[in-house]
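Q: Fold the stuff below for me.
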Amino acid sequence: MSVVGEGSRSTRSVVISPGGTPAGTVRTCKEITCQRTLDLDLVRFTWNIENFSWYKDSRGQAYDVLESPHFQTDDGQYDWVLRLIIHPRPDRPADELCRDSVQIFLHLHNAPRETAHLKCQFVFVRFLHATKEDQTYQISRFREFRRGETWGFRRFIQRNTLFDPKNGFLQSSDRLTVKINLDIIRAIRDEVAKPARNPLLADGLQEGLQVLYKTMPHSDVTFVCSDGSHVKAHKAILSARSPVFAAMLSHDLSEQRTNTIDLKDIPKDVLETFLSLVYTGVSTTLDEHAGSILVLAERYQLTDLKEKSVDALRKKMCAGNAADLLPLADLHNAPELKNEVMEFMVNNHEKIRDTEAFRDFFMTHPALMAQLYERKQESSKRFKMEPPSSPGEHSRNH
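A: Numbers count the residues shown, from 1 in each chain. The predicted model follows:
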């Protein structure tokens with residue numbers, strides 16, 4: 001049995017802004033996975049009680065409380081006893097409401113430590129269909145047992161139910177079979193796995209590619225941005241990451257002849273975020289430029305970047321930007337994001353309908369509006385999908 005938890009530890013060279021956002025350059029980022037494993041001893045004890053019907057009417061200490069033989073773990077360190085109380089004593093306050101019940105208890109006689117942690121399961125075996133075994137039982141969760149402690153159920157089963165032959169607890173030989181299953185925790189082990197790496201990069205390469213991206217030594221291609229600024233890169237890296245770049249830089253095209261890629265629709269800061277993701281798989285400014293990264297990832301067929309940008313957009317989705325996200329997801333082939341945005345808009349129409357983004361969306365995307373109407377018909381929520389109100393009008397209740 002194991003429980004896996006994941007965390008991260010980072011060493012940063014940054015300044016934390018009042019809002020908690022790092023301002024600066026992340027130097028290293030290390031992900032650590034820890035796995036917790038429970039070492040268990042399993043004890044399975046079966047107790048056959050012959051001539052059990054004798055105890056139905058017989059009274060006295062010898063008949064009221066039955067105690068099993070001791071049973072132990074393989075190493076003998078844990079020693080247990082099972083107790084069955086056929087006739088609870090009505091003079092005991094705790095047993096006053098249990099006089100018609102059969103009780104079952106587990107007693108920890110000895111243990112190597114003061115406490116033991118375990119899960120126990122009590123079982124009364126039934127034979128309703130010839131040799132087919134059925135069971136009735138109650139189960140506790142993992143719990144703490146102290147050495148010398150007794151624990152169990154005061155109202156495990158009604159006495160008449162247990163002794164009634166029709167219920168199958170007593171076999172033809174007048175035998176009752178009781179079982180107990182113990183899962184004892186002997187040790188807890190925490191193991192730290194090897195740090196997770198970016199799947200795009202082999203061990204030791206990520207840091208090198210971060211340096212390569214920042215310094216761009218031996219660059220052989222130049223991007224031209226919307227403001228006319230130049231950003232250098234490497235043909236080999238671009239071609240390895242994108243089939244579009246690979247075709248562009250290997251055929252007799254202007255990009256291949258001039259070693260220049262014209263991106264006059266892309267600002268420099270967006271391109272730098274894009275290239276950081278292309279080279280290293282990470283960027284501290286992804287959230288800020290997620291919409292533009294989605295456009296570039298679709299354009300250059302970078303599936304991993306597209307997934308990262310969609311995740312970032314999903315986290316940022318709100319009433320104020322949903323109407324902008326829907327056409328973006330539709331235009332750039334992000335069907336999962338589109339579906340989530342449409343569902344969000346249907347469920348939050350009252351908050352969205354008077355935003356500036358929705359007013360523009362309503363006028364410029366009639367086909368998507370029609371799809372929203374269709375989604376509304378499928379929704380169990382009741383609202384009216386109406387055009388946005390005039391800028392000075394307050395939202396109305398429908």
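Q: contacting residues for Phe45?
A: By CB atoms under 8 Å, 6 or more residues apart in numbering, the contact set of Phe45 is Ser68, Phe71, Trp80, Leu82, Lys179, Ile180, Asn181, Leu182. Using the backbone N, CA and C atoms, a C-beta is placed for each residue, glycine as well.
Q: try 7 Å this time
A: Contact analysis of Phe45 by CB atoms under 7 Å, 6 or more residues apart in numbering lists Phe71, Leu82, Lys179, Ile180.
Q: And for Met342?
A: Met342 makes contacts with Leu326, Gln371, Leu372, Arg375, as judged by CB under 7 Å, 6+ apart.
Q: For ChimeraX, write a command that selects the buried ones of these.
A: Only the buried members of those enter the following ChimeraX selection, criterion being 16 or more other CB atoms under 10 Å:
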select :326,372
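Q: how many neighbours does the residue lying closest to Tyr78 once chain neighbours are set aside have?
A: Leaving aside its sequence neighbours, Tyr78 sits nearest to Ala111 (CB to CB, 6 or more residues apart in numbering; 5.4 Å). By other CB atoms under 10 Å, the residues close to Ala111 number 19.
Q: is it true that Asp245 lies in a strand?
A: Not Asp; residue 245 is Phe. No. According to DSSP: H, G, I helix; E, B strand; the rest coil, Phe245 belongs to no strand; its state is helix.
Q: roughly how far apart are it and Ala323?
A: 33 Å (CB to CB, to the nearest Å).
Q: likewise Ala334?
A: 16 Å.
Q: Run a quick neighbour tally on the residue nearest to Leu40 when sequence neighbours are not counted.
A: Nearest non-adjacent residue to Leu40, counting by CB to CB, 6+ apart: Asp183, 5.2 Å away. Neighbour count of Asp183, defined by other CB under 10 Å: 16.
Q: how much space between Asp183 and Phe145?
A: 12 Å.
Q: so what sits against both of the two?
A: Shared contacts of Asp183 and Phe145, defined by CB under 7 Å, 6+ apart, are found at Leu118.
Q: now the strands for the stretch 201-350 of the chain?
A: In the stretch 201-350 of the chain, the strands defined using DSSP state E, counting those that start in this stretch lie at 221-224, 230-233, 260-262.
Q: Secondary structure and pLDDT for the contacts of Met342 - can I get that in JSON lines?
A: Shown next, in JSON lines, are these (DSSP: H, G, I helix; E, B strand; the rest coil; pLDDT from 0 to 100):
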{"residue": "Leu326", "secondary structure": "helix", "pLDDT": "94"}
{"residue": "Gln371", "secondary structure": "helix", "pLDDT": "89"}
{"residue": "Leu372", "secondary structure": "helix", "pLDDT": "89"}
{"residue": "Arg375", "secondary structure": "helix", "pLDDT": "84"}
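Q: Go through the contacts of Met342 and name the one nearest Thr258.
A: Leu326 (38.2 Å; CB to CB).
Q: Pretty sure that closest one sits against Asn339.
A: No. Leu326 lies out of contact with Asn339 (CB atoms under 7 Å); the separation is 10.1 Å.
Q: ok, back up a step: check the gap between the residue nearest to Tyr78 and Thr46 for me.
A: On the measure of CB to CB, Ala111 and Thr46 end up 22 Å apart.
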